[in-house]
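Student: Just a sequence and a predicted model for now, questions to come.
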Amino acid sequence: MRRRFKTSSTLVTLAVSLLVAGVVSAGLGAVRVPFASVIRALLHPAEAGDAGIILFTLRLPRVIAAGLVGAGLSATGVLFQGLFRNPLADPFVLGASGGAALGGAVAVFLVPTMSIAGISATALLAFAGSLLTMAVVWSLARAGGKFAVENMLLAGFAIGTMLNAATSALELGKEASNPGIRVLTAWLHGEVGVPSWTQVLIITVVELSALVLAIPLARQLNTLALGEEYAEQLGVRVGQIRILVVVIGSVLTALAVSLGGLIGFVGLLVPHVLRIILGPDHFRLLPAAALSGAMFLIVADTIARTAFAPTEIPVGLLTAFIGGPAFLYLLNQKKRRSSP
Amino acid sequence: MPAVIEFRNVRFTHGERAIFDDLNFRIEEREMIALVGPNGVGKTTLLKIVDGLLRPTSGVVLLQGRGLESWSRRELSCYAALVPQHLDVPFAFQVEEIVAQGRVPHLRRFAGPSARDFEVVESAMQAVDILGLRERAYSDLSGGERQRVKIAIGLAQQPKVMMLDEPTQHLDLGRQIELMGLLRTLNDSGITIIAAMHDLALVRENFSSVILLTPDAVSIAGPTAEVLRPDLLERAFLVDRSSLGRHVSAESLSYERGD
C-alpha cells in the first residue's frame, strides 16, 4: 500500500481545517456569534463591540487553550510511542499527566501566586511531577533491559492511581471555598479553563519551541523502531534521545495539564488514526499529530460546552468515552499479535 | 596489508565465567568466515565486540590495523554492519523505510536522507531482490523475506564487513540455499562476510574458513576442512565421535588420517 497522502499537502489541509474549526468554535456558545462576525472581529478587534468582549475575554482564550492542550498531548503521544516502541504509550496512560497534576496541585495550594521568569510555579512543579513520573515508569517498565508492555501499563496505572489519590488528599485539609479546590476539581475532571492572554502567549511560545525541538528527534525515533541496540549500532545516541524525548514530552504534558487537567487518551487516539492515514514515520507524524490534536480537542471542547447547554460537561469525560474503547481495542490487537 | 579484523589475546568474561580466554585470529579482506560452536559459547558476543556494542575484558581488537577503541561509533557503523538474529519492528513500517535506516550512520546528525542515499537504498534492495516488497509492512513478511530486508539494511550501510547472527535459522531448505547464494554473491562483490552458523553442511559448502569456539574457552581458526575435524568438533560440541557421522566430510576424515 502506497501512502495515500503527501506530507506537505496533509499539513496544509490540517492547518486550514484547524483555523476553520477555531473560528467556528469561537462563534458557538450561549451567545451565538455568526462566522462572518467572528472573522470581522478578528480583523478589526476595536470595532467588534459586545461580540468582541465575548470573543476576546471568553471564547478565543478557551479555544486556543483547547488547541494547545490537544496539540501537546498528541505530540507527546507520538514521542512516547516512538520511545517505548508501543502504540499504547500515552501521557495519561503512563501516568505522566497524573504526575503533572500532583506537582501542579502542590503549587496551587502552597505557592499559588509564585512565578519564576514569567512561568508560574504551578507549571514548573507540574513539569517536575511529569518528569519524575516518567523516570519512575521508565525504570519500572524496563525489566532485564527489555520493555514489557504489561510492566509499562501497570507501572503507569499504579503511579497514576497513587498520584490521583495524593492529589485528592491535598484537597482534604482545605475548605471548599479555597480557590485551589476549584482548580483541582477542574483538573481531575479534565476541564479546559479560560486562561489570561499573558498565559496564552507564554504557553504558546514554550509549546511551539518544544515542538520545534522535537522534530529532529522524530527521525531518530524511526531508527529506534528497530530496537535500542540496533539503533545504537547505527550510530544513534539512544541515551541522549531518551532524555530529550522524556524532557520535551514532560514539558508538553505539564503545559497541557496546567491548561486542562487530566484529559485522557488524546495522545493515543490521534496518533493511531494518523498512522492509518500517513503511515508510522514519526517525522511525518509529529507535526500532523500536533495540528490534528489541536483540532480534535477544539471540536471535543466545543461539544463539551455546547451539547448539553446550559450545563457544560468536562471535555475529559468525552475523551474518556471515545478513547477508552480505542485503548481497549489497541490492547487487544497487541495481545493478538504477540501471542504465537 | 592489515587484516580486516584481528583479535589478539582477547578475553571476555561474563560475571565469573570466561566466555573466551585467549582468542586470536585474523580475518583477511574478502574472506567468508563461519563462526561455529555450541549455543551460549559466545558467537553473538564475538560479533558484538567487533561491532563495538560490547567491550573485551582484556586483549586487543584491531580493525584495519587500528585499535577498536579509536574508532568513532559512526566510523564503525560505516565499516561493519551487524545483521541481528531477530528484528521486530512496531507499527506498520514499510520495507523501504526500514532499509533506509541503514543510511543513518552516513547522515549528518538530525539531517534527512539525500537523493544519493535513496539510490544506495534502492541498490541495496535490488541486491537482495526485495524491490517488489518495498511497500509491504515489515511486520507482515515471512522469515525468509525478513532475512533479506535485514541484509538490505546492512548493505545500505555500505560496509566493508558484514556480520550475520545465525542468518539461516528458521528458514526452510530452499530459503537457506538462496541465502547462501546471496552471501556468496555479496562476498564476490568485495564484502567480507562473517556468519554465526549452526548447519555444518552449509558451512562446508559455502565458507572458506571457520572459527570454532569451544566451551572450554579455546578457539580454533583456520580453513574449513582443517577446523571441522571430528576430534575438534567432539571437543566443541561435547558429543561422541560416532554420532558426528554425517557432519564430518570425507576430506576432513582423510585430513585427520594423514595427521
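Tutor: Received the coordinates, thanks.

Student: In three-state terms, label B:Arg11 for me.
Tutor: strand (DSSP: H, G, I helix; E, B strand; the rest coil).

Student: Let me see the contact set for it.
Tutor: B:18, B:20-23, B:56-59 (C-beta atoms under 8 Å, 6 or more residues apart in numbering or on different chains). To be clear about C-beta, it is placed using only N, CA and C from the backbone, and glycine gets the same treatment.

Student: Ignoring the adjacent residues along the chain, who's closest to residue 151?
Tutor: In the absence of a named chain, this looks at chain A. The spatially closest residue to A:Asn151, leaving aside those adjacent along the chain, is A:Ala141, at 4.5 Å (C-beta to C-beta, 6 or more residues apart in numbering or on different chains).

Student: hmm, I had chain B in mind actually
Tutor: B:Val128 (5.2 Å).

Student: Check what pLDDT that neighbour gets.
Tutor: Predicted confidence (pLDDT) for B:Val128: 86.

Student: my read: the residue nearest to A:Asn151 touches A:Glu150, true?
Tutor: No - the pair A:Ala141 / A:Glu150 is not scored as a contact, 9.0 Å apart, by C-beta atoms under 8 Å.

Student: Comparing those two, which residue is more hemmed in?
Tutor: A:Ala141 (22 against 10; other C-beta atoms under 10 Å in any protein chain shown).

Student: so how far is A:Thr198 from that one?
Tutor: 38 Å (C-beta to C-beta, to the nearest Å).

Student: again, but for A:Gly264
Tutor: Relative to A:Thr198, and taking C-beta to C-beta, A:Gly264 is found at 28 Å.

Student: higher neighbour count, the two?
Tutor: Taking neighbours as other C-beta under 10 Å, A:Gly264 and A:Thr198 compare with A:Gly264 leading, 24 against 9.

Student: tell me the secondary structure for that one?
Tutor: Per three-state DSSP, A:Gly264 ends up coil.

Student: Is it correct that A:Gly267 is in contact with A:Ser74?
Tutor: Yes - between A:Gly267 and A:Ser74 there is a contact under C-beta under 8 Å: 5.6 Å.

Student: Mind listing the shared neighbours of these two?
Tutor: In contact with both A:Gly267 and A:Ser74: A:Gly293, using C-beta under 8 Å, 6+ apart.

Student: Contact residues of chain A facing chain B?
Tutor: A:1-2, A:85-87, A:216, A:219-220, A:222-223, A:225-227, A:229-230, A:232-236, A:275, A:279-281, A:283, A:337 (C-beta under 8 Å from any C-beta of the partner chain).

Student: from the chain's centre, how far out does the helix or strand that contains A:Leu291 sit?
Tutor: Element membership for A:Leu291, per DSSP states H and E: helix A:282-306. A distance of 9 Å separates the C-alpha centroid of helix A:282-306 from that of its chain, computed with C-alpha atoms, centre = their mean, to the nearest Å.

Student: Doesn't A:Ile313 lie inside a helix?
Tutor: No - per three-state DSSP, A:Ile313 lies outside any helix segment and is coil.

Student: Tell me, how many residues neighbour A:Glu191?
Tutor: 23.

Student: wait, A:Leu110
Tutor: 12.

Student: Could I get the contacting residues of the residue nearest to the spatial centre of chain A?
Tutor: Closest residue to the average C-alpha location of chain A: A:Leu73 at 1.8 Å, with C-alpha atoms, centre = their mean. Contacts for A:Leu73 (C-beta under 8 Å, 6+ apart) come out as A:90-92, A:252-253, A:256, A:263, A:266-267, A:270, A:293, A:297.

Student: What of A:Leu330?
Tutor: A:87-88, A:268, A:272.

Student: quick revisit: the residue nearest to B:Ile151 and chain A, how far apart?
Tutor: 17 Å (C-beta to the nearest C-beta, to the nearest Å).

Student: roughly how far apart are that residue and A:Ala288?
Tutor: 32 Å.

Student: thought B:Asp172 was touching B:Gly144?
Tutor: Yes - the criterion here is C-beta under 8 Å, and B:Asp172 meets it with B:Gly144 at 7.5 Å.

Student: Those two: which is more packed in?
Tutor: Between B:Asp172 and B:Gly144, B:Gly144 has the larger neighbour count (other C-beta under 10 Å), namely 16 against 12.

Student: next structured bit after the helix or strand hosting the more buried one?
Tutor: Per DSSP H and E, B:Gly144 falls inside helix B:143-156. Per DSSP H and E, the first helix or strand lying C-terminal to helix B:143-156 is strand B:161-165.

Student: Strand partners (parallel or antiparallel) of that following strand?
Tutor: Using DSSP bridges, strand B:161-165 pairs in its sheet with strand B:80-83 (parallel), strand B:192-197 (parallel).

Student: what's next to it, contact-wise?
Tutor: Against strand B:161-165 from outside (C-beta under 8 Å, 6+ apart): B:4-5, B:27, B:43-44, B:47, B:50-51, B:79-85, B:151, B:154-155, B:183, B:186, B:191-196.

Student: swap the cut-off to 7 Å and go again
Tutor: B:4-5, B:44, B:47, B:50-51, B:79-85, B:154, B:186, B:191-196 (C-beta atoms under 7 Å, 6 or more residues apart in numbering or on different chains).

Student: And the helices in the stretch 151-300 of chain A, which stretches?
Tutor: A:179-189, A:197-224, A:228-233, A:238-260, A:266-278, A:282-306 (DSSP state H, counting those that start in this stretch).

Student: how many degrees apart are the second one and helix A:238-260 in direction?
Tutor: Computed with axes from the mean of the first three to the mean of the last three C-alpha atoms, to 10 degrees, the direction of helix A:197-224 lies at 150 degrees from that of helix A:238-260.

Student: Show me where chain B dips below the pLDDT cut-off.
Tutor: Low-confidence segments of chain B, defined by pLDDT under 70: B:110, B:217, B:241-259.

Student: Run through the residues of chain B sitting next to chain A.
Tutor: Counting by C-beta under 7 Å from any C-beta of the partner chain, the residues of chain B close to chain A are B:51, B:53, B:73-74, B:77, B:82, B:84, B:87, B:89-94, B:97, B:101, B:104-105, B:110, B:112, B:135.

Student: now these: which count as buried?
Tutor: Buried residues within the residues of chain B next to chain A, counting neighbours by 16 or more other C-beta atoms under 10 Å in any protein chain shown: B:51, B:53, B:73, B:77, B:82, B:84, B:87, B:89-94, B:97, B:101, B:104-105.

Student: out of those residues, which are inside helices?
Tutor: Among these, the ones falling in helices (DSSP state H) are B:73, B:77, B:97.

Student: so how many other residues sit close to B:Asp188?
Tutor: Quick note: B:Asp188 (other C-beta under 10 Å) scores 10 neighbours.

Student: the inter-axis angle of the helix holding B:Gly144 versus strand B:161-165?
Tutor: Using the same axes, to 10 degrees: helix B:143-156 against strand B:161-165 is 150 degrees.

Student: which residues touch helix B:143-156?
Tutor: B:81, B:83-84, B:87, B:95, B:98-103, B:120-121, B:124-125, B:127-130, B:133, B:138, B:141, B:162, B:167, B:170-171, B:175, B:179, B:182.

Student: and those, which are buried?
Tutor: B:81, B:83-84, B:87, B:95, B:98-103, B:120-121, B:124-125, B:127-128, B:130, B:133, B:138, B:141, B:162, B:167, B:171, B:175, B:179, B:182.

Student: circling back: kindly indicate the member of the contacts of A:Leu330 with the most neighbours.
Tutor: Neighbour max across those (other C-beta under 10 Å) = A:Leu268, 27 neighbours.

Student: wait, isn't that residue in contact with A:Ala89?
Tutor: No - with contact defined as C-beta atoms under 7 Å, A:Leu268 and A:Ala89 do not form a contacting pair (8.1 Å).

Student: In contact with A:His282, which residues are there?
Tutor: A:78, A:82, A:218, A:221-222.
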